[in-house]
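Chemist: how would this look folded up:
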Amino acid sequence: MSENHNDPGNSPSGRTGKHVAVLGGGSFGTAMTRVLAGNGHTVHFWMRNEQQVREVAEKGTNERYMPGIKLAGDILPTTNFRDAVQKADVVFVAIPSKAFRTVIRENNTAFREHQFVISLTKGIEAQGFRLMSEILQEEIPRARCGVLSGPNLAAEVASEELTATVIAAKDPDLRRAVQDLLGCQYFRVYANVDIYGVELAGALKNIYAIVAGMAAALGMGENAKAMLMTRGLAEMSRFAVSLGANPMTFMGLAGVGDLIVTCTSSKSRNFRVGYAVGRGRQLDEAVAELGQVAEGIYTLKLVKEKAEAVGIYMPLVRGLYEILYEGASINAVINSLMMAIQNSDVEFILPRTLSH
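Modeler: Numbers count the residues shown, from 1 in each chain. Just a heads-up that it's a prediction; the model follows:
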């Protein structure tokens, strides 16, 4: 595929339409389907729900997940997984993390040798602390895998508001293919080779979005919100680097970019859950009200356990866990955070013994 080498965010003009598959009919899968179809590609849009398939086919809408958005172009909704995957040159997977491995494993024979498969899911599997790209590599080792992540609120992407994202893959052909497929006037695609860092950033920031939602509900000032975000960035990068990620990834769109949008927007599901809890709702009530998956709730438990197992200092993770699962008061946790030892500002500058 051709590429504009002057700027990896640019998509070449005059592209020819490709056959692509989007697996998963939630909000982000729907948004990506709209981008791909708008760029002139044929989209095989797989969903489990037959009623959802009929709605997309007959009305060009997916009201539950993307109300008020029209889906136009060459979109072929289907419940036939194998058919969708086999007809596609490139496959985008937008299946929630809890069902991700099951769905891929049940259908692993549908994937072709060397087929490009890109995860759009920001989450971690409980068993063995596996990221979605690792699940893809384990279940379909013959495929060539990548990850798409960044400050990408689905509703804004679907409304064609200016957005940038990151495709992370070791394979340069895969990176170029995704830039070519998705890049357009309102959606820019930048490249990275640090799959693990990009993917961990996308999963971890959901935790801090819940914290930010609580802070907003409590009426905390702008200084406090800025403190929580930057300490969150320090905490998530410290954790990720200890597991092998590149610290510089956290300075980009997938790191600080995604953290900013998720921690400041009421469109963020994780922010909304935190806001509801901050206003006195029980966690179960807040989740039920949301009606969609807030990945940060699951990620929080897994990251807390992993951080304790490998000895990584994560006071915000621990504090949020105490609030959501151990009945601690928000004010007590905030007070304990503020009384904690004051150490280095930026990770990786002071010696590790000082940098908490």
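Chemist: in the protein, where is pLDDT below threshold?
Modeler: Along the chain, the model assigns pLDDT under 70 to residues 1-15, 292-293, 340-356.
Chemist: domains in it, by residue range?
Modeler: Annotated domains of the chain cover 19-193, 197-338 [automatic domain parsing].
Chemist: need those domains in TSV (columns: mean neighbour count).
Modeler: C-beta coordinates here come from the backbone N, C-alpha and C atoms, glycine included. Below are these laid out as TSV (neighbours: other C-beta atoms under 10 Å):
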stretch	mean neighbour count
domain 19-193	20
domain 197-338	19
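Chemist: excluding chain neighbours, what is closest to residue 28?
Modeler: Distances taken as C-beta to C-beta, 6 or more residues apart in numbering put residue 154 closest to residue 28, at 4.6 Å, once the chain neighbours are dropped.
Chemist: for the one you found, give its distance to residue 222.
Modeler: 27 Å (C-beta to C-beta, to the nearest Å).
Chemist: what comes into contact with stretch 92-101?
Modeler: Stretch 92-101 has contacts (C-beta atoms under 8 Å, 6 or more residues apart in numbering) with 20-24, 26, 28-29, 32, 36, 103-104, 117-125, 130, 132, 135-136, 139, 148, 293, 295, 298.
Chemist: nope, stretch 221-233 is what I was after
Modeler: Here stretch 221-233 makes contact (C-beta under 8 Å, 6+ apart) with 205, 207-208, 211-212, 215-216, 220, 250, 255-256, 259-260, 263-264, 316.
Chemist: helices - which of those land there?
Modeler: Among the contacts of stretch 221-233, the members falling in helices (DSSP state H) are 205, 207-208, 211-212, 215-216, 259-260, 263-264, 316.
Chemist: is it possible to export those residues to TSV including distance to residue 333?
Modeler: As requested, the ones in helices among the contacts of stretch 221-233 are exported to TSV (distance: C-beta to C-beta, whole Å):
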residue	distance to residue 333
205	20
207	14
208	14
211	10
212	14
215	12
216	16
259	20
260	23
263	17
264	21
316	9
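Chemist: how about the helices of the stretch 151-300 of the chain, start to end?
Modeler: In the stretch 151-300 of the chain, the helices defined using DSSP state H, counting those that start in this stretch lie at 154-158, 172-182, 195-217, 222-242, 258-264, 269-278, 283-290, 295-310.
Chemist: follow-up on the earlier one: nearest to residue 196 among the ones in helices among the contacts of stretch 221-233?
Modeler: Nearest to residue 196 among the ones in helices among the contacts of stretch 221-233: residue 205, at 15.0 Å, using C-beta to C-beta.
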